[in-house]
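>>> Have a look at this prediction, sequence included:
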Amino acid sequence: MLNVSAAKISLNEGHNRSFMFSFGVCVVVAIQVYIGVVFAKYLNLHPEITVILKRVAFVIFLLVSAYFFNTAKSSTLAIEHPVRSKQSRFFQGIFMSALNIFPIPFQAYVVTTLLSYGWMSLEATTIGTYVSGAVMGTFMALYVYILFFDTLKNTKIASPKNMNYCIGVITLVVAIATLINLLRQN
């Protein structure tokens with residue numbers, strides 16, 4: 001949803017407003033990634049909880065996929081006319097990113113996996129580097145999304161309907177990958 005919001009803001013209000021939105025998103029992502037790392041420390045000590053979280057993640061990703069496919073069915077094909085918002089896009093990015101709690105369990109899972117392979121340690125410098133990398137990656141993903149939809153703004157691909165279908169497919173693929181991972185463990 002954050003990617004779609006950044007793209008819509010860019011299409012309707014310009015790149016600068018979407019970048020401010022993206023900066024707001026990244027502030028919260030930094031906090032969420034750090035919480036995810038702290039949660040990974042706990043999961044590292046209690047691996048039985050990881051299996052439960054994978055099952056919950058599978059159900060959540062299926063529900064998110066269903067939501068976006070349902071939203072895509074009811075979306076119109078027209079792109080909204082440019083509107084200047086009086087609200088701060090930076091704070092909107094903070095607010096919307098704070099509503100998105102998926103990064104916390106996702107980052108906890110990724111860090112737990114990296115720890116299990118010995119590719120990461122829980123030292124302060126490593127954690128800081130990891131958080132910084134996650135924030136930069138988030139901003140770059142939003143930036144690429146903004147540029148991608150800017151090049152497609154006059155096509156049917158950039159319609160809200162197709163954006164929702166894309167997100168639905170992505171979350172469905174993640175749900176299927178999670179299910180396969182769960183089945184391999186059993």
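Now that the structure is in, tell me what you want to look at.

>>> What about residue 161, how many residues nearby?
A count of nearby residues for residue 161, using other C-beta atoms under 10 Å, gives 16. (Each C-beta comes from the backbone N, C-alpha and C, glycine too.)

>>> show me where pLDDT drops low in the chain?
75-87, 152-160, 163, 186 (pLDDT under 70).

>>> what about the longest helix in it?
Longest helix of the chain, by residue count under DSSP state H: helix 15-45.

>>> From residue 173, how far off is residue 167?
Applying C-beta to C-beta, to the nearest Å, the value for residue 167 to residue 173 is 11 Å.

>>> got a list of what residue 41 touches?
Contacts for residue 41 were tallied using C-beta atoms under 8 Å, 6 or more residues apart in numbering; they are residue 122.

>>> again but with residue 112, I slipped
Residue 112 touches 40, 43, 44, 50, counting by C-beta under 8 Å, 6+ apart.

>>> Now for the closest residue to the first one other than its chain neighbours, how many residues are close by?
Beyond its immediate neighbours in the sequence, the residue positioned closest to residue 40 (C-beta to C-beta, 6 or more residues apart in numbering) is residue 111, lying 3.6 Å away. Residues within reach of residue 111, counting by other C-beta under 10 Å, total 26.

>>> circling back to that earlier point, what about residue 167 and residue 173, which has more around it?
residue 167 (20 against 12).

>>> Tell me the buried residues in whichever strand or helix holds residue 140?
Assignment of secondary structure by DSSP states H and E places residue 140 within helix 124-151. Using 16 or more other C-beta atoms under 10 Å as the test for burial, helix 124-151 gives 127, 130, 131, 134, 135, 138, 139, 142, 143, 145, 146, 149.

>>> Kindly report the same for stretch 97-107.
Neighbour count says stretch 97-107 has 97, 103, 104, 105, 106, 107 buried, by 16+ other C-beta under 10 Å.

>>> With respect to residue 180, which of the buried residues of helix 124-151 is nearest?
Closest approach to residue 180 among the buried residues of helix 124-151 (C-beta to C-beta): residue 134, at 24.6 Å.

>>> so what's the closest one closest to, chain neighbours aside?
residue 33 (4.4 Å).

>>> which ones are touching that neighbour?
103, 107, 130, 131, 134, 135.

>>> on that earlier part again, report the buried residues of the longest helix of the chain.
Buried residues in helix 15-45, counted by 16+ other C-beta under 10 Å: 17-22, 24-37, 39-40, 43.

>>> tilt between it and helix 124-151?
Angle between the axes of helix 15-45 and helix 124-151 is 140 degrees (criterion: axes from the mean of the first three to the mean of the last three C-alpha atoms, to 10 degrees).

>>> Next secondary structure after helix 15-45?
helix 48-74.

>>> Report all helices and strands that that next one contacts.
Where contact means 3 or more C-beta pairs under 8 Å, 6 or more residues apart in numbering; DSSP states H and E, helix 48-74 is packed against helix 15-45, helix 103-116, helix 160-185.
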